[in-house]
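Chemist: Compute the structure for the input listed below.
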Amino acid sequence: MAPPQDQLTKISTEATTEFVQSYYPALQSNRAAIASFYDKPTSTILFNGNTVADGNAVQEIFVNQMPPTHYEVQSYDCQIINQTYPTPTATGMKLPNETTIKDISLLVIVSGFVRFGESRDLPQRGFSETFMLVPNPTADAPKGKRRREWLIQTQNFRLVV
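Modeler: Sure thing, here's the model as predicted:
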């Protein structure tokens, strides 16, 4: 039986808000953590039409090539894409009786402004970004600190001209 729509809406909205409120600050001031936002084996990443290999490559760009950045998110929204996302486990995929309400995939759309460089006098550029978030199969792992519940499977970033 499918979960009630109000529960799905609550979960997807909370996941999107948590993601946006942690991802963009990491791009600004915690660049060493950027790779942890990505679903490592399957991420598809585009920046202004250029393919980036994976989350580690995104982190490498932000740590070693990108000037300091300041993001001002103006809006974000989400849509549930798959209510029964096939979440991987150590032994394969979750069986239907093992899935939870959080085994969904989400389309997240973010827009706002970005400034490249430290000076507040530099111009801001508009951006639009689309993500597909999937459940992190290791989010509930007992060892270590709490892991991210959602990972980026696909990402498309565009500067708005």
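
Chemist: can you list the weak-confidence ranges in this protein?
Modeler: Applying pLDDT under 70 to the chain picks out residues 1-2, 140-146.

Chemist: rerun at 90
Modeler: Within the chain, the segments meeting pLDDT under 90 span 1-5, 39-44, 84-102, 136-148, 161.

Chemist: Packing partners of the helix or strand hosting Gln28?
Modeler: Using DSSP states H and E, Gln28 maps to helix 5-29. Secondary-structure packing of helix 5-29 (3 or more Cβ pairs under 8 Å, 6 or more residues apart in numbering; DSSP states H and E): strand 69-82, strand 105-116, strand 125-135, strand 150-160. All C-beta atoms are positioned from the backbone trio N, CA, C, and that covers glycine.

Chemist: what's the second one packed up against?
Modeler: With contacts taken as 3+ Cβ pairs under 8 Å, 6+ apart, strand 105-116 sits against helix 5-29, strand 69-82, strand 125-135, strand 150-160.

Chemist: could you dump the ones you listed to TSV with mean neighbour count and distance to Leu107?
Modeler: Shown next, in TSV, are these (neighbours: other Cβ atoms under 10 Å; distance: least, Cβ to Cβ, whole Å):
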stretch	mean neighbour count	distance to Leu107
helix 5-29	16	10
strand 69-82	14	5
strand 125-135	20	6
strand 150-160	18	9
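
Chemist: Can you name the residues in contact with stretch 75-84?
Modeler: 2-3, 8, 12-13, 15-17, 20, 96, 99, 103-112, 132 (Cβ atoms under 8 Å, 6 or more residues apart in numbering).

Chemist: what's the spacing between stretch 110-117 and its chain's center?
Modeler: Distance of stretch 110-117 from the chain centroid (Cα atoms, centre = their mean, to the nearest Å) equals 16 Å.

Chemist: And that stretch, what's buried?
Modeler: The neighbour-count check on stretch 110-117 (16 or more other Cβ atoms under 10 Å) flags Val110, Ser111, Gly112, Val114, Arg115 as buried.

Chemist: Render the CA-only coordinates of it in PDB, please.
Modeler: This file holds the C-alpha atoms of stretch 110-117, laid out as PDB (Å, rounded to 0.1, in the frame of the first residue of the first chain):
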ATOM      1  CA  VAL A 110      17.000  25.400  -7.100                       C
ATOM      2  CA  SER A 111      17.500  29.000  -8.400                       C
ATOM      3  CA  GLY A 112      19.200  32.000  -7.100                       C
ATOM      4  CA  PHE A 113      22.400  34.100  -7.400                       C
ATOM      5  CA  VAL A 114      26.100  33.200  -7.200                       C
ATOM      6  CA  ARG A 115      29.000  35.600  -6.800                       C
ATOM      7  CA  PHE A 116      32.500  34.300  -7.700                       C
ATOM      8  CA  GLY A 117      35.200  36.000  -5.600                       C
END
